[in-house]
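Peer 1: have a look; sequence and predicted model below, questions after that.
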Amino acid sequence: MSQKDVGNKVPIYKLKTTDEVMKYYDEWGENNKYDKDMIEWNYTGPKETVNIFKKYVKNKESLIFDAGCGTGLVGLELKKFEYKNFHGADLSQKLLDIVPKNLYQRLLKVDLNQSIDIKDNFYDAVMCVGTFTFGHVKPSALEEFVRITKNNGYICFTINEGIYEDYGFDKKIKSLKRNNILKEIEFFKSDYIASKDVNAWLGIYKVKK
Ligand SMILES: C[S@@+](CC[C@H](N)C(=O)[O-])C[C@H]1O[C@@H](n2cnc3c(N)ncnc32)[C@H](O)[C@@H]1O
């Protein structure tokens, strides 16, 4: 499906620059509109991703980085399954401001298209849900995710099916696999926003260093 077609269903997909994306989300968060829309659209990304994640990351004390946490929907799922230590990072300060209090141990405003101000090998796992999509975060972020994840840690993410090849996620993942940096555990097409006929690849990978 072309960006134009999908942009008619989900307006955010029409945006081009990081600045436009940030402004859009800042406004989308007002009066909890983002969360209300996600309920109305039956957005299943956070639930589907955490369901896969919990099959492999058994230690509930694991330190997790939620990249592009938005309003905290992934954090709510992690909490449901008794994970206790997770940090959230997002471009939109307005969304970070409406994340439920005390859900994440730490919230950071970051542009994931730049290098992330976190030490190497800091996290046990990285989650990234809904953030690899049109005009949002590029495949180079996967290298940063690898850098901040410990050896034998996990990276779990969705990639909107419409950008998987067009933005070069297929090539980036292939190269990380070929160089034995990522070991594929599961990778399949998930429902994501099936109500809008928008699906995503969902992957979980083990990091090898
Ligand atoms: C579709 S939302 C997903 C939010 C959350 N993970 C969820 O599943 O509800 C995409 C998120 O990516 C964030 N985002 C977009 N571009 C970004 C960037 N360059 N750096 C960091 N976050 C970004 C947006 O602010 C937004 O919160």
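Peer 2: Happy to help now that I have it. Numbers count the residues shown, from 1 in each chain.
Peer 1: please enumerate the strands of the chain.
Peer 2: 63-67, 85-90, 106-109, 123-132, 149-160, 182-193, 198-207 (DSSP state E).
Peer 1: quick one: which of those strands is nearest the ligand?
Peer 2: Smallest distance to the ligand across the strands of the chain (Cβ to the nearest ligand atom): 3.1 Å, for strand 123-132. Every C-beta, even on glycine, is put in place using the N, C-alpha and C of the backbone.
Peer 1: now tell me what touches that closest one from outside.
Peer 2: 43, 45-46, 49-50, 53, 57, 59, 62-68, 70, 73-74, 78, 87, 112, 137, 139, 141, 145, 148-150, 153-160, 163, 167, 169, 200 (Cβ atoms under 8 Å, 6 or more residues apart in numbering).
Peer 1: how about the strands of the chain in JSON lines, adding distance to the ligand, mean pLDDT and mean neighbour count?
Peer 2: Below are the strands of the chain laid out as JSON lines (distance: least, Cβ to the nearest ligand atom, whole Å; pLDDT from 0 to 100; neighbours: other Cβ atoms under 10 Å):
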{"stretch": "strand 63-67", "distance to the ligand": "7", "mean pLDDT": "99", "mean neighbour count": "25"}
{"stretch": "strand 85-90", "distance to the ligand": "5", "mean pLDDT": "98", "mean neighbour count": "22"}
{"stretch": "strand 106-109", "distance to the ligand": "8", "mean pLDDT": "98", "mean neighbour count": "14"}
{"stretch": "strand 123-132", "distance to the ligand": "3", "mean pLDDT": "98", "mean neighbour count": "25"}
{"stretch": "strand 149-160", "distance to the ligand": "8", "mean pLDDT": "98", "mean neighbour count": "22"}
{"stretch": "strand 182-193", "distance to the ligand": "9", "mean pLDDT": "97", "mean neighbour count": "16"}
{"stretch": "strand 198-207", "distance to the ligand": "10", "mean pLDDT": "97", "mean neighbour count": "22"}
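Peer 1: flag every residue of this protein that's near the ligand.
Peer 2: 18, 21, 25, 45-46, 68-70, 73-74, 90-92, 95, 110-113, 129-131, 136-137 (Cβ under 6 Å from any ligand atom).
Peer 1: give me the most central residue, this structure.
Peer 2: Cys128 (2.0 Å; Cα atoms, centre = their mean).
Peer 1: how far out from the middle of the chain is stretch 54-66?
Peer 2: 15 Å (Cα atoms, centre = their mean, to the nearest Å).
Peer 1: no wait, stretch 131-138
Peer 2: Counting by Cα atoms, centre = their mean, stretch 131-138 is centred 9 Å from the centre of its parent chain.
Peer 1: coming back round to it: gap between the residue nearest to the centre of the chain and Asn121?
Peer 2: Noted for Cys128: a distance of 18 Å to Asn121, by Cβ to Cβ, to the nearest Å.
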